[in-house]
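S.K.: Have a look at this fold, sequence not included:
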Ligand SMILES: Nc1nc2c(ncn2[C@@H]2O[C@H](COP(=O)(O)OP(=O)(O)OP(=O)(O)O)[C@@H](O)[C@H]2O)c(=O)[nH]1
């Protein structure tokens, strides 16, 4: 993989990693902000919602308590058949009826089981005793349970079978001075308008509900989930807060918060918050205890709706864009400052490696990169110079070696190898140009005897002298060579029979003039004229035969082959 590709990949990876990291950090930060904000909003919302419930209720509760404390009613409760007391009690009840918000009241007596009631329309002004409560009647269970538990005050959401309405009942125990329970008094407010006013708030993302001491739902916008008459239901059959949250651990967390608030009096003014999942969405639940009612107020905030994280999107987009642009600029600068010079340098190095020593055009970088370029150019120049010098020296040496290889050491003439090459060239040329050349084969006469008689050094001297004579007697374009031992070959090019005969004889005579240590040196000569197309073997054979003839005829003579 090329450096460029790797660099690009690295830059891409960096961009991806940085973007993911930036996104994660952004998400964490915004979530943190939203959570903190949500917790404060939940606390405020819980108190606001509690206030909305308590404000209308507190007055009613106080009035119901006054009613329970009424001496007139208590006296009558002990003797409900007394006509005088009954008249006074009815007047007292009417007085409270006018004051209650719903303009209705109820009085249920412990002793007689009489249930007295009048409504806003004064429908029962003449028949206030509506019916008699019976312990075996499920609809009357609330009364007997309240008496049994001795709870002085209770809020009860309950449909009234007799009256055909569902009401939020304020039940207050009526006791005499000795604490003996005489009955239950109070008022009921129609649930529907109350729900509309308190929990049907049209604030998107905010859900308000009220649950009782045990977590059973009392006021909630979805009427189907309200746990009517939960007071008399056995545990396990109540519609509790668990129905609203998706996860058991969320239900457990809410129960724990309610327990803490209920059991620690100093905590009762505070608001607890916890994240829970409702209908698949994360909500912040705020819980407050309302000691005056014995209920809990629960506010569920859908943070995604109230403060969608999308609101932060422009910040994220600007952040990521800035990051991308920074990385892009960084990449471009690095590419220009580092990558492009390196690629050019790599190309130049590759050319040098392949033997191209011509100077490369490299970009003029700055700093380390600039120095690297200069060093490389100096280095390439030095290599180029050294290579040229080396090549010249090799050429020289080769020429020297070639010269040595084709020269005879003793005489300085061309040796057999050199002559063979020369002969082959002449054969080709003769064939190409249809010309003739002459070959003269010379062999010293009785050289063995000279060697034996005068010594080897004298023999060498004779050979050198013969060589000199041959060289002197030739034209510039002729060649003489020592063929081996005491044999010499001479090539005359171009040549004809006449010239050949004349030169052969002249050479013989030149040698015959040589004297070594008083001994005359003679030579026998065999010559032949090469015809175009004749090969070397045939040529040598004919010259040798002529030489043989010269030897045979008595030596020191020249013979021309036919
Ligand atoms: N001194 C000297 N002698 C050489 C050299 N090379 C060959 N010889 C001798 O040359 C002689 C060649 O003898 P031949 O050509 O066989 O015979 P010859 O004595 O010349 O007789 P003919 O050729 O028949 O006249 C041998 O005794 C070789 O030892 C050399 O480089 N120096």
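M.R.: That came in fine, so what should we check first? Because the structure is a prediction, the values reported are computed rather than measured. Residues are numbered from 1 along each chain as shown.
S.K.: number of nearby residues for the nearest residue to residue 219 once chain neighbours are set aside?
M.R.: Counting by C-beta to C-beta, 6 or more residues apart in numbering, residue 210 is the residue found nearest to residue 219 once chain neighbours are left out, at 4.1 Å. Every residue, glycine included, has its C-beta placed from N, CA and C. Counted by other C-beta atoms under 10 Å, the residues lying close to residue 210 total 23.
S.K.: got a list of what residue 210 touches?
M.R.: Residues in contact with residue 210 (C-beta atoms under 8 Å, 6 or more residues apart in numbering) are 53, 198-199, 217-220, 290, 293, 295-298.
S.K.: Can you name the residue of this structure nearest to the ligand?
M.R.: residue 459 (2.3 Å; C-beta to the nearest ligand atom).
S.K.: Which parts of the stretch 251-400 of the chain are strands?
M.R.: Remark: strands assigned in the stretch 251-400 of the chain by DSSP state E, counting those that start in this stretch are 271-278, 281-290, 295-302.
S.K.: can you redo the ones you listed as CSV with mean pLDDT, distance to residue 141 and mean neighbour count?
M.R.: Formatted as CSV, these follow (pLDDT from 0 to 100; distance: least, C-beta to C-beta, whole Å; neighbours: other C-beta atoms under 10 Å):
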stretch, mean pLDDT, distance to residue 141, mean neighbour count
strand 271-278, 90, 32, 18
strand 281-290, 90, 25, 22
strand 295-302, 90, 20, 24
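S.K.: Which one, of those, ends up nearest to residue 166?
M.R.: Closest to residue 166 of the strands of the stretch 251-400 of the chain is strand 295-302 (C-beta to C-beta; 17.2 Å).
S.K.: Quickly run through the sheet partners of the closest one, with directions.
M.R.: strand 206-211 (antiparallel), strand 281-290 (antiparallel) (DSSP bridges).
S.K.: Can you check the pLDDT for the residue nearest to residue 219?
M.R.: Per-residue confidence at residue 210 stands at 92 (pLDDT).
S.K.: I'd like to know the beta-bridge partner residues of it.
M.R.: When bridges are taken as DSSP bridges, the partners of residue 210 come out as residue 219, residue 297.
S.K.: Give me every residue in this protein that's in contact range of the ligand.
M.R.: 410, 443-449, 451, 456, 459-460, 463, 485-486, 551, 555 (C-beta under 6 Å from any ligand atom).
S.K.: I'd like the list of the residues you listed that fall within helices, please.
M.R.: 447, 448, 449, 451, 456, 459, 460, 463, 551 (DSSP state H).
S.K.: got those residues as JSON lines, with neighbour count columns?
M.R.: Below are those laid out as JSON lines (neighbours: other C-beta atoms under 10 Å):
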{"residue": "447", "neighbour count": "19"}
{"residue": "448", "neighbour count": "12"}
{"residue": "449", "neighbour count": "11"}
{"residue": "451", "neighbour count": "17"}
{"residue": "456", "neighbour count": "10"}
{"residue": "459", "neighbour count": "21"}
{"residue": "460", "neighbour count": "14"}
{"residue": "463", "neighbour count": "23"}
{"residue": "551", "neighbour count": "17"}
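S.K.: Residue 193: which element?
M.R.: helix 191-198 (DSSP states H and E).
S.K.: List the buried residues of that helix.
M.R.: For helix 191-198, a neighbour-count test (16 or more other C-beta atoms under 10 Å) marks 191, 194, 195, 198 as buried.
S.K.: now stretch 502-512
M.R.: Within stretch 502-512, judged by 16+ other C-beta under 10 Å, the buried ones are 503, 504, 507, 508, 510, 511.
S.K.: cool, and stretch 70-87?
M.R.: 70, 73, 74, 75, 76, 77, 80, 85, 86.
S.K.: State the phi and psi torsions of the first one.
M.R.: When you say that, I think you mean residue 70. phi -60, psi 120 (degrees, to the nearest 10).
S.K.: So what's the predicted local confidence for it?
M.R.: 96.
S.K.: quick one: contacts for it?
M.R.: 92, 96.
S.K.: now it: how far from residue 447?
M.R.: 172 Å (C-beta to C-beta, to the nearest Å).
S.K.: can you check residue 554 too?
M.R.: On the measure of C-beta to C-beta, residue 554 and residue 447 end up 16 Å apart.
S.K.: so after the top helix by length along the chain, what's the next helix or strand?
M.R.: Secondary structure assigned by DSSP H gives helix 3-68 as the longest helix of the chain. Note on helix 3-68: by DSSP H and E, the next helix or strand toward the C-terminus is helix 71-78.
S.K.: what angle separates that next one from helix 3-68?
M.R.: Angle between the axes of helix 71-78 and helix 3-68 is 80 degrees (criterion: axes from the mean of the first three to the mean of the last three C-alpha atoms, to 10 degrees).
S.K.: Please spell out which residues along whichever helix or strand comes after helix 71-78 are buried.
M.R.: Following helix 71-78 in sequence order, the next helix or strand is helix 83-99 (DSSP H and E). For helix 83-99, burial by neighbour count (16+ other C-beta under 10 Å) applies to 85, 86, 88, 89, 90, 92, 93, 96, 97.
S.K.: repeat for stretch 547-554
M.R.: Per 16+ other C-beta under 10 Å, stretch 547-554 contains these buried residues: 547, 549, 550, 551.
S.K.: Next: stretch 537-546.
M.R.: 539, 540, 542, 543, 544, 546.
S.K.: Residue 169 bridge partners, please.
M.R.: With DSSP bridges as the rule, residue 169 is bridged to residue 156, residue 188.
S.K.: Which residue, other than its chain neighbours, is closest to residue 38?
M.R.: Closest residue to residue 38 apart from its sequence neighbours, by C-beta to C-beta, 6+ apart: residue 284 at 4.3 Å.
S.K.: I figured the one you found hits residue 300, correct?
M.R.: Yes. Counting by C-beta atoms under 8 Å, residue 284 does reach residue 300; the two are 7.5 Å apart.
S.K.: Now list whatever residues contact both of those two.
M.R.: Contacts common to residue 284 and residue 300, judged by C-beta under 8 Å, 6+ apart, are residue 276.
S.K.: Quick check: can you list the domain ranges of the protein?
M.R.: Listed domain ranges for the chain are 28-56+202-307, 69-193, 314-388, 416-560 (source: automatic domain parsing).
S.K.: And those, which one averages the lowest pLDDT?
M.R.: Taking mean pLDDT as the measure, domain 314-388 is lowest among these, coming in at a mean of 82.
S.K.: distance between the ends of it?
M.R.: 67 Å (C-alpha to C-alpha, to the nearest Å).
S.K.: One more: stretch 270-284?
M.R.: Termini of stretch 270-284 sit 16 Å apart (C-alpha to C-alpha).
S.K.: same question, stretch 548-558
M.R.: 10 Å.
S.K.: now that stretch, how far from the centre of its chain.
M.R.: 100 Å (C-alpha atoms, centre = their mean, to the nearest Å).
S.K.: Could you list the residues in contact with that stretch?
M.R.: 443, 445-446, 501, 504-505, 507-508, 512, 522-527, 559.
S.K.: Quick one: mean pLDDT for stretch 12-24?
M.R.: pLDDT averaged over stretch 12-24 gives 82.
S.K.: Could you list the buried residues of that stretch?
M.R.: For stretch 12-24, by 16+ other C-beta under 10 Å, it's 15, 22.
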